[in-house]
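Novice: model this:
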Amino acid sequence: EEETPGAQRVAIISHGFWQRVFGGEQSVIGSAINLSGRPTTVVGVLPANFALMVPPEALVPANVDVWIPYAVDYAKQERDSHGLTVIGRMKPGVTLPQAQDEMNAIAARLYPIHYTHTGFEVKVVSLHGDIVRKMRPALLVLLAAVGFVLLIACANVANLLLGPSATREREMAVRAAMGASRVRLLRQLLTESILLSLIGGVFGAGLAVWGVDALLALSPADLPRIDEVHIDLRMLGFTFVVAALTGILFGLVPALKASRINLTL
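Specialist: So this is what the prediction gives:
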């Protein structure tokens, strides 16, 4: 009923607007504000992390402070006006093909009346897929490039570790003669390799913190959710897990060679 023309005007305000104008007071709910000379009742405040995700071509500004219902008599609207962006929530268990079939059935009833000569059609797409469709290929290529750079760097470090491993055979022999088991020797060498990879992970994380601003400056303005790009704890945790796994996997060969442990595969 809030979208009915002539109904009492209500609004939801952004968290920032609530803090700036109303000082974060809870009493704002139910109060009236003046919008273009019309009294409007505030019925809600959006959370601080709210972001409306729509494709760039929808031309929706990102810094909206007040949201009001779209109170329009649709029966009086022209059928050739396609400037409205609509987002729908599907019921649990409903797939995109099922939603497309239902919209096709609705469209089939409308085509003979309004769209016989227009070629207009209804296409149902996921919101996430629609937002990232332009940038997804580029981001996947970037991800693959980073993966290959990591593999190349790991292979180079592994080759560098193979050289010193030959000179450490005497050290390993002395340790073995003093009672160190092969597992103990392998554990020592793997510890050194993991420590080296973790140090590299620390420097890499530091470079990421320093370079994220430069990366954002070079990124296209229509990159989805670009204002949310930042360094977080999950990324740091992932970095150190990858660094530890890298140290284990690519430090295993030099460690096995230096400790003269033979594996039967």
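
Novice: pretty sure residue 107 is in contact with residue 121, am I right?
Specialist: Yes. Applying CB atoms under 8 Å, one finds residue 107 in contact with residue 121, separated by 6.9 Å. C-beta: built from backbone N, CA, C; applies to glycine.

Novice: Please compare the two by neighbour count and tell me which comes out ahead.
Specialist: When residue 107 and residue 121 are compared for neighbours, residue 107 comes out ahead with 15 against 10, by other CB atoms under 10 Å.

Novice: Spit out the contact partners of that one.
Specialist: Counting by CB atoms under 8 Å, 6 or more residues apart in numbering, residue 107 touches 115, 121-122.

Novice: so of the residues you listed, which ones are in helices?
Specialist: Using DSSP state H to define helices, no part of the contacts of residue 107 is located there.

Novice: Make CSV out of these and add pLDDT and distance to residue 129.
Specialist: Shown next, in CSV, are these (pLDDT from 0 to 100; distance: CB to CB, whole Å):
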residue, pLDDT, distance to residue 129
115, 75, 25
121, 77, 18
122, 83, 16
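
Novice: Now name the helix or strand holding residue 139.
Specialist: helix 136-167 (DSSP states H and E).

Novice: Show me what that helix is packed against.
Specialist: When contacts are defined as 3 or more CB pairs under 8 Å, 6 or more residues apart in numbering; DSSP states H and E, helix 136-167 sits against helix 182-218, helix 233-259.

Novice: got a list of contacts for the lengthiest strand in the chain?
Specialist: Taking DSSP state E as the criterion, the chain has its longest strand at strand 38-45. Residues outside strand 38-45 that contact it (CB under 8 Å, 6+ apart) are 8-15, 18, 28-34, 66, 68.

Novice: Drop anything exposed from those residues.
Specialist: When neighbours are counted using 16 or more other CB atoms under 10 Å, the contacts of strand 38-45 contain these buried positions: 9-11, 13-14, 18, 28, 33.

Novice: Now do residue 21 against residue 101, distance only.
Specialist: Distance of residue 21 to residue 101, computed by CB to CB, to the nearest Å: 46 Å.

Novice: for the closest residue in space to residue 228 that isn't next to it in sequence, helix, strand, or coil?
Specialist: In space, and not counting its chain neighbours, residue 228 is closest to residue 51: 7.3 Å by CB to CB, 6 or more residues apart in numbering. Three-state assignment for residue 51 (DSSP: H, G, I helix; E, B strand; the rest coil): coil.

Novice: isn't residue 51 right next to residue 64, touching?
Specialist: No. At 10.4 Å, residue 51 does not count as touching residue 64 under the criterion of CB under 8 Å.

Novice: if you count what's nearby, which of those two comes out ahead?
Specialist: Each of residue 51 and residue 64 has its neighbours counted (other CB under 10 Å); residue 64 has more, 14 against 11.

Novice: ok, for that one, nearest residue in space, not its chain neighbours?
Specialist: residue 14 (6.7 Å).

Novice: For that neighbour, give its distance to residue 100.
Specialist: Taken as CB to CB, the span from residue 14 to residue 100 is 33 Å.

Novice: Kindly report the same for residue 179.
Specialist: From residue 179 to residue 100 the distance is 71 Å (CB to CB).

Novice: between the two, which one's more packed in?
Specialist: Applying other CB under 10 Å to residue 179 and residue 100 shows that residue 100 carries more neighbours, namely 14 against 7.

Novice: Run through the residues that contact the more buried one.
Specialist: Counted by CB under 8 Å, 6+ apart, residue 100 has contacts 122-124.

Novice: For the protein, which residue is located at the greatest distance from the centroid?
Specialist: residue 177 (53.9 Å; CA atoms, centre = their mean).

Novice: Please report how far that residue lies from residue 81.
Specialist: 88 Å.
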